[in-house]
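**Q** here's my sequence, what's the structure:
(one chain, ligands or ions: 1)
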Amino acid sequence: MSELERIAAEIRACTRCILHRGRTQAVPGAGAEEAEIMFIGEAPGFHEDQQGLPFVGASGKFLDDMLGSIGLSREQVYIANVVKCRPPANRDPLPEEIAACSSYLERQIAAIKPLLIVTLGRFSMARFFDKARISQIHGQAQRVGDVVCYPLYHPAAALHQPSLRRVVEEDFQRIPKILAQADQIAKYEPPPQAEQLRLF
Ligand code: URA
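**A** Next comes the predicted model:
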């Protein structure tokens, strides 16, 4: 059993927060174990809870279309969520639910070791960019620790707000270029300070 499968088994049996009581099944995540790109959404919705798979409803169809537009399929990436069980009536996940689930996501990231993490929506963004506003930082790749993070609007936002659709489409188109540079961005060391360069 791989580490990802072990994490998934733990998630399916998890009772760390109240969300386990209302779930049909948990949604650990899906995709390639050695994916270069990891997408992180918010939480399962109705269809995800039914099927045990991430992004299989309307947002998932849009995500599939966006992936296709840059020549990728969901089998080539890994898709997970901040919270692994559906919140009642699709409400926002609560801080204690996010906290209860966070070690699963950390372990998934450590197991996959993606070059690029694409966050979908503000809950996923907040995990890497504390207090940032998605309207200000979407579409700007930044290094966080040893991974490059690329915050995007959630696909559902694009479906509900037609004006955002174009923004999401454009941000998505930049993913291949960012991925190609991710290695360099992750290894980039700021130049040493002038004083350190003075040898004599
Ligand atoms: N929205 C999410 O954030 N995640 C899913 O898996 C489905 C919809």
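
**Q** for the residue most central in space within the chain, give me its contacts.
**A** Nearest to the mean C-alpha position of the chain, counting by Cα atoms, centre = their mean, stands residue 40 at 1.5 Å. Applying Cβ atoms under 8 Å, 6 or more residues apart in numbering to residue 40 gives the contacts 80, 81, 82, 105, 117, 118, 119, 120, 124, 127. In short, each C-beta sits where N, CA and C put it, glycine included.

**Q** need these in TSV (columns: neighbour count).
**A** What follows is those, written out as TSV (neighbours: other Cβ atoms under 10 Å):
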residue	neighbour count
80	27
81	28
82	23
105	22
117	24
118	24
119	28
120	25
124	28
127	19
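
**Q** the residue found closest to residue 46 once you drop the neighbours it is linked to in the chain: neighbour count?
**A** Closest residue in space to residue 46, ignoring its immediate chain neighbours: residue 57 at 6.7 Å, by Cβ to Cβ, 6 or more residues apart in numbering. Neighbour count of residue 57, defined by other Cβ atoms under 10 Å: 19.

**Q** offset the numbering so it begins at 20, please.
**A** Okay, residue one is now 20; in that scheme the one you just asked about reads as residue 76.

**Q** wait, residue 76 sits on residue 66?
**A** Yes: between residue 76 and residue 66 there is a contact at 3.8 Å, judged by Cβ atoms under 8 Å.

**Q** the longest helix belonging to the chain - contacts with which helices or strands?
**A** In the chain, with assignment by DSSP state H, the single longest helix is helix 114-131. Here helix 114-131 touches helix 22-31, strand 56-60, strand 97-100, helix 141-147, going by 3 or more Cβ pairs under 8 Å, 6 or more residues apart in numbering; DSSP states H and E.

**Q** I'd like to know how far the residue nearest to residue 22 when sequence neighbours are not counted sits from residue 92.
**A** Once flanking residues are discounted, residue 22 sits nearest to residue 130: 4.3 Å by Cβ to Cβ, 6+ apart. The gap separating residue 130 from residue 92 is 21 Å, by Cβ to Cβ, to the nearest Å.

**Q** between the two, tell me which one has more neighbours.
**A** More crowded of residue 130 and residue 92, by other Cβ under 10 Å: residue 130, with 16 against 11.

**Q** give the contact list for that one.
**A** 21, 22, 23, 26, 52.
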